[in-house]
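> no FASTA, just this:
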């Protein structure tokens, strides 16, 4: 009995345990000092946790991993480009970027939610394709329309040819202004208190939101759409709202992320963000249908630990840092694949069980 | 009488074509009409389109078996591509040249594609309903795993490995002296600027014909039955899982052959992350041709590849000439992804 | 009734956000300020540059300027404040002076002439716009998303983000 429990625990937490083992092996090989690692982890936690947390809303409403969170990131990038062009610096610049990203995020989130409602049961792949689709429009806007149609004042962020935005937009004037405000240093390790406060606020919001009427509705929709509909919940609307919320928070998260990085890689910043955030959440032990705040924190820590040490460890083992880089990409993809497979298998198993129970009930009915 | 017949036929085709396909076809026709006015050389444009069609058609054909057996769009195409890449690199490593290297590449790729296809098919049988998302990520995982392998496997052929260290494959390997243009040069036709890579087209025609035949054999019809209604198929005594696995193996093998044909046209083997860029355009091409998530035929493949590749070759020239901006890349991304999105939002035909 | 209240709340929050955004646009406008220590002619009168001026912005020394030298600082908002430590003649006493200036909103780079400021002249005397010399750049082909002639390469798929930092 007890052994069974241990086994179950191991099975349910397979991914985090695997990553702990990977990290335990790679850290000594990489030869990084504890102080360096701690500093890096804290930086990356501040940078990424907000983005990872935004994935929780669609999971709540049963829409799976929101591969479409990239849309929020794109909205934030457009906002940041404007802020950089208008030369609004520092904290006001960040606040302005957040406000500007809001309408774009809401619109894109609404679009994404509506399309996902047309592809029920295929939300994830739809979201995944959606991010390429909107990526194309993003490129059209930023690469061709900014300049001739959308006014951009400063030539320093425009391409030399006169239209379109450069590959990198410098955010030097708002670089880490959020992190540095209220930051404390303990033994050479900088802790961006304000950023963590914001992340904490989002966590509180999520906890509170779960208890509101809308949050309850979302969970009901996530449990069973038909039952929820029978109970008078507007299923489609609830699902759209959950995607909008995810997109909006992804936009906020992206602003935090970019102010920490200090520059905006205009055409590539968003392309990886969805994949890495999802991988991080899954590494923390979340699944497609269930995820908690602690999953997000654990996941960011483990995933980024692996991310930092893999190239150095690869150099140590094989003498080629590329191996380590390929390995970490492989690990991120592998984790997502594994989580998706486990989810689908579980879904089928429970469906099978439900079928068996139904058959048994019928048999009993016939017998009586 | 005749007039009414034409109108009827037109209406029938309009209905069958569906909106997005009509728009893309119209767009392409428009491009061809504009082409002479902006000074684009018409024969060259046609040649380009035919050329690119001959490179990609087999890859698009690789979508058919899996769609037929209800496994959805084959986002796991990279597995087939990887088998093909293994075949190609090993064939060169063993020192084959010319046409023989192409044949051997296919021969060597076959066991790999059977192996990968079996494993992948078995996996997909366990997760019926969630194939597309998982296929995507199985593809990514396989590609990134192979990225490590290309560096680590003990290849030694000097045409392929890094010159300096003597180990690890280069990202692009020239096929000159191996099977560069080996199909295309067979019965090659050239009239002025107008060229036809007859061999490649014949090769595709052969494979397409074989596929057409296969779909009419007992196994082939069983596959279609599984795809259109799994429960009925099972009731009719068809081994659903086996049929599905077979279709996946077939798709994987065609993917392997497809990438080899692509390479012989393109002239280079592309390793590492390059296979990533093949999947979505290929999926999109068959959808443009009129396939849906659970229905695909040979005409879909041909029409889709022509439309898609026509668009790919024509837009840059025309757009550049018209507005002096190269927005073709963006147009292509939007059309490709938009097409896939459109297909995903359609209600699947027939119950599953 | 309920929906009316809802619309009202929506409108109100939009208005509040717009207001915050507007405030941010005003208080967050960044300027690059160049302080010049060089003689200036104004209304036929010449104002000589002091021997040495030490400029402090936000308690941080940004420059020690002798004659014809220029220092640089950044400032967010329009109410610029700096502290000057002026040494009129070599070996003379240093006089502390706090200066407040109103900056024009729509100017990115602003040149402030110190002798004019110290003499208390009007804005037109001490302010000039800094226009960066147009950098002649070659089109180094960094235009993104443009593929080679083979078409399918480009960012259609998920390029795996190697080397990307997250």
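Good, I have the coordinates. Worth saying up front: this structure is predicted, and the values here are computed from it rather than measured.
> Isn't residue A:274 up against residue A:70?
Yes: the pair residue A:274 and residue A:70 passes the contact test of C-beta atoms under 8 Å, sitting 4.4 Å apart. In short, each C-beta sits where N, CA and C put it, glycine included.
> Does the helix or strand residue A:37 falls within reach chain C?
Taking DSSP states H and E as the criterion, residue A:37 maps to helix A:34-53. Yes: Helix A:34-53 is in contact with chain C by C-beta under 8 Å from any C-beta of the partner chain, via A:44, A:47-48.
> which SSE is the residue most central in space within chain C in?
Nearest to the mean C-alpha position of chain C, counting by C-alpha atoms, centre = their mean, stands residue C:31 at 1.4 Å. Per DSSP H and E: residue C:31 is located in strand C:30-37.
> List the buried residues for whatever helix or strand residue A:317 lives in?
Assigned by DSSP H and E, residue A:317 belongs to helix A:293-318. Within helix A:293-318, the residues scored as buried using 16 or more other C-beta atoms under 10 Å in any protein chain shown are A:293, A:295-316.
> Give the buried residues for the helix holding residue A:37.
By neighbour count with 16+ other C-beta under 10 Å, helix A:34-53 contains the buried residues A:37, A:39-53.
> what's the next helix or strand after that helix in contact with?
Sequence order places helix A:56-60 as the next helix or strand after helix A:34-53, per DSSP H and E. Applying C-beta atoms under 8 Å, 6 or more residues apart in numbering or on different chains, the contact partners of helix A:56-60 are A:64-66, A:123, A:206, A:210, A:215, A:218-219, A:222, A:242-243, A:245-246, A:249, A:286, A:288-293, A:296.
> Now do whatever helix or strand comes next after helix A:56-60 against strand C:30-37, angle only.
Downstream of helix A:56-60, the next assigned helix or strand under DSSP H and E is helix A:70-86. Here the directions of helix A:70-86 and strand C:30-37 differ by 30 degrees (axes from the mean of the first three to the mean of the last three C-alpha atoms, to 10 degrees).
> ok, helix A:70-86 near chain C or not?
Yes: applying C-beta under 8 Å from any C-beta, one finds helix A:70-86 in contact with chain C at residue A:86.
> so how far is residue C:79 from the residue in chain A that chain C sits nearest to?
For chain A, the residue closest to chain C is residue A:92, as judged by C-beta to the nearest C-beta, at 2.5 Å. Separation of residue A:92 from residue C:79 (C-beta to C-beta, to the nearest Å) stands at 14 Å.
> which one of the two has more residues nearby?
residue A:92 (24 against 10; other C-beta atoms under 10 Å in any protein chain shown).
> Ignoring the adjacent residues along the chain, who's closest to that one?
Once flanking residues are discounted, residue A:92 sits nearest to residue C:28: 2.5 Å by C-beta to C-beta, 6 or more residues apart in numbering or on different chains.
> is it true that that neighbour touches residue C:105?
No: look at residue C:28 against residue C:105 with C-beta under 8 Å: they stay out of range, at 11.2 Å.
> ok so, going back, could you turn the buried ones of the contacts of helix A:56-60 into a PyMOL selection?
A single PyMOL command is used to select the members of these judged buried by 16+ other C-beta under 10 Å:
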select buried, chain A and resi 64+65+66+123+206+215+218+222+242+243+245+246+249+286+288+289+291+292+293+296
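> longest single helix anywhere in the chain?
Here I'm looking at chain A. As assigned by DSSP state H, the longest helix anywhere in chain A is helix A:321-367.
> Let me rephrase: I mean chain C.
Ranking each helix of chain C by length (DSSP H) puts helix C:2-27 first.
> just checking, what packs against that helix?
Applying 3 or more C-beta pairs under 8 Å, 6 or more residues apart in numbering or on different chains; DSSP states H and E, one finds that helix C:2-27 contacts helix A:90-117.
> hmm, try it at 10 Å
Helices and strands touching helix C:2-27, by 3 or more C-beta pairs under 10 Å, 6 or more residues apart in numbering or on different chains; DSSP states H and E, are helix A:70-86, helix A:90-117.
> Quick one: residues in contact with the helix or strand hosting residue A:185.
With secondary structure defined by DSSP H and E, residue A:185 is part of strand A:184-186. Residues outside strand A:184-186 that contact it (C-beta atoms under 10 Å, 6 or more residues apart in numbering or on different chains) are A:38, A:42, A:190-193.
> Quick one: list the elements packing against the one helix or strand residue A:11 maps to.
For residue A:11, the host element (DSSP H and E) is helix A:2-12. Where contact means 3+ C-beta pairs under 10 Å, 6+ apart, helix A:2-12 is packed against helix A:14-30.
> does any bit of the helix it packs on sit next to chain C?
No: figure legend: helix A:14-30 not in contact with chain C (C-beta under 10 Å from any C-beta of the partner chain); closest approach 16.2 Å.
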